[in-house]
Every structure is written in C-alpha cells, then in structure tokens.
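A.B. asks: Return atomic coordinates for the entry below.
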Amino acid sequence: MEDSRLRCFVTVAQERSFTKAARRLGVTQSAVSQSIIELENELGTRLFERGRGIDLTLSSDGMVLMDYAEKILGWYSAATELFVKVPGTRQLRVCVSDDVAASLLSPVLASMGEISFDVVSPADGGPAPDVTVRLSSNPPDLETSANLLAVIPLELAASAENRSAMKGSLEGCRLALWAPAAACLDMKLKSMVAVRSSSSSLVMDLAESSAETVAVVPAPALRRRLETGGGRLAAVIAGGALPGMNLYCEPSVPLTGTALWRRFRSRLEESLKY
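C.D. replies: Okay, here's the model as predicted:
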C-alpha cells in the first residue's frame, strides 16, 4: 500500500542514479525514468538537476517534495501495519510528531519484532484518547505525567571536501538544518541556515554533495549513516558542542508500570544512546 512513483522518486534521490535506483527497486531503468517523468509532468516542475556530473541532485522543488514524500511513505507503512498483525505480538498505539518519527524512531520501532505498533500522528484537536504512548520533541503540558526519555545530541556533519569544516571552522559555510533542532541554535548559527527540512536524511545528503554546506542533525541519525557507509560525509567539531534536544515520552496510566512499558522504554533508551 503506497504510491509507487513516490517510492521511485525517493529511491532515485537517495541513490542519485537512475541505474542504481532501478537495481534497488528490481525494475528496469526505463521504468524508473518514466515514473520520474510522469511525476514531473503531473507536478509541472523539474525534480532533479541533470547536469554533466555522475550523480543526480535534487532541484529546489525536488527538495520540497522529498520532505513530504518520506513522511507520506512512512504513514503508508504505518497504515499498512494497522491490518497486518504479527501473531503473538503485543499491540501499542504510539502517537508521534512527524519529525521525531521520521528521523529517530522509525528504525527503533521497526526493530522491535515482539511488539506491534499502530503509529498515529497528532490530530488537529489532539491525539485520540486510546493512544497508549505519546512521543514528542516538544514538552507536554506541565499537568501531565510525561517523562523526559532522552536528550538527543546534535551534530554537525559535512563532506570531506568541505575544507573549512574539516579544519573545525564554519567560516564561509551555510547550514542545512534538521528543522526540529531550530530552537537549539544560537542567533549566529540561525543566521547561517540556508535550508531546513524535517528529514535528517535529506539535510545530510545536501551536506555530502556540497563543499560549502554543513548539516545540523541528530547524533543517532548521523551515527547510523556513518555505520552504514557515510560516503563522503564526516562528523565536524567546530565552535563547541551544540546543545541537545529533549525527547519526551508519556505513557497512558494503564500502561505505566507494566512489563510491556518497561521493555518498550528500555529499547528506546538503548537505541538513542550516543
């Protein structure tokens, strides 16, 4: 259950190649090209810059679509899980803000095979009353019994070709910002922000493909990127450590104190350690 053209678009953006995307998707290169052409025609805009270089790069409109496409595919997956249950698993209904789900928690939830998740986003009037766990980067009302689950370290990352950043300086650099981290930056760093996105993967892609861009991303996301082959991307130490971002976790009253809650929280805490 998902839009195959969006999946194709996201894969091409991640692989920066029609050939590699086709191989990953198990289809022909012509099928990938046709999907992208159809999507560009439907939207009336060019999604990729097709220059003389080896790698494709997202256009400005492509960056905007990438931000939405990753969220849409994530919620397609979550909707599918509503109907595909694993026998013998326990069920939790988790309400998360989109930015937290996409950048930090999706890999964690996917690894918990013994627990089945019904992931929902906050509704306009607040989450549904039967939600068993709420996760957010924003502090809840003081009247609730919410817990501070973790303080997520923020990191600077840049291409190895970014000479200033590799020397520990941000002089002449611009920032690609993971949007939820905006409140953690001082005024000087905020003035350097050129691009912001709720997709940590996208801002790291931008930094990796530029000799002037430095990404501000959550440390767990950067760690996973480097462990799985970060390409030209490297961590940067410049201007002192960035402050961390708080992640709050609020269980429902019936869930508090149960073995299921203790296991769920323990797995989350372990996965978020840096």
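
A.B. asks: can you map out the strands along the chain?
C.D. replies: Under the criterion DSSP state E, the chain carries strands at the ranges 48-49, 57-58, 90-96, 115-120, 133-136, 147-152, 154-159, 174-178, 193-197, 213-218, 233-236, 245-251.

A.B. asks: okay, those strands in a markdown table with mean pLDDT, distance to residue 203 and mean neighbour count next?
C.D. replies: In this view, the C-beta of every residue, glycine as well, is placed from N, C-alpha and C. Below are the strands of the chain laid out as a markdown table (pLDDT from 0 to 100; distance: least, Cβ to Cβ, whole Å; neighbours: other Cβ atoms under 10 Å):
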| stretch | mean pLDDT | distance to residue 203 | mean neighbour count |
| --- | --- | --- | --- |
| strand 48-49 | 88 | 18 | 16 |
| strand 57-58 | 88 | 12 | 20 |
| strand 90-96 | 72 | 19 | 19 |
| strand 115-120 | 66 | 23 | 20 |
| strand 133-136 | 76 | 20 | 21 |
| strand 147-152 | 76 | 15 | 16 |
| strand 154-159 | 88 | 9 | 25 |
| strand 174-178 | 90 | 4 | 24 |
| strand 193-197 | 88 | 5 | 17 |
| strand 213-218 | 89 | 4 | 26 |
| strand 233-236 | 81 | 11 | 20 |
| strand 245-251 | 78 | 14 | 20 |
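
A.B. asks: I'd like the ones you listed written out as CSV, with distance to residue 3 added.
C.D. replies: Compiled in CSV, those are given as follows (distance: least, Cβ to Cβ, whole Å):
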stretch, distance to residue 3
strand 48-49, 18
strand 57-58, 18
strand 90-96, 22
strand 115-120, 19
strand 133-136, 26
strand 147-152, 30
strand 154-159, 30
strand 174-178, 25
strand 193-197, 20
strand 213-218, 27
strand 233-236, 29
strand 245-251, 30
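
A.B. asks: From residue 95, how far off is residue 192?
C.D. replies: Going from residue 192 to residue 95 by Cβ to Cβ, to the nearest Å gives 34 Å.

A.B. asks: per-domain residue ranges of this protein.
C.D. replies: The chain breaks down by automatic domain parsing into domains covering 4-62, 85-149+246-271, 154-242.

A.B. asks: Comparing those domains, which comes out most buried?
C.D. replies: Using mean count of other Cβ atoms under 10 Å, the stretch among the domains of the chain with the largest mean neighbour count is domain 154-242, at a mean of 19.

A.B. asks: From the opening residue of that domain to its closing one, how far?
C.D. replies: When the termini of domain 154-242 are compared using Cα to Cα, to the nearest Å, they are 6 Å apart.

A.B. asks: Could you point out which residue ranges in the stretch 51-200 of the chain have low pLDDT?
C.D. replies: Within the stretch 51-200 of the chain, the ranges that satisfy pLDDT under 70 run 51-54, 77-91, 97-130, 138-146.

A.B. asks: Show me where it has its helices.
C.D. replies: Remark: helices assigned in the stretch 51-200 of the chain by DSSP state H, counting those that start in this stretch are 60-81, 98-100, 106-111, 163-166, 187-190, 200-208.

A.B. asks: Format these as CSV; extra columns: distance to residue 245.
C.D. replies: Shown next, in CSV, are these (distance: least, Cβ to Cβ, whole Å):
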stretch, distance to residue 245
helix 60-81, 19
helix 98-100, 10
helix 106-111, 16
helix 163-166, 21
helix 187-190, 14
helix 200-208, 12
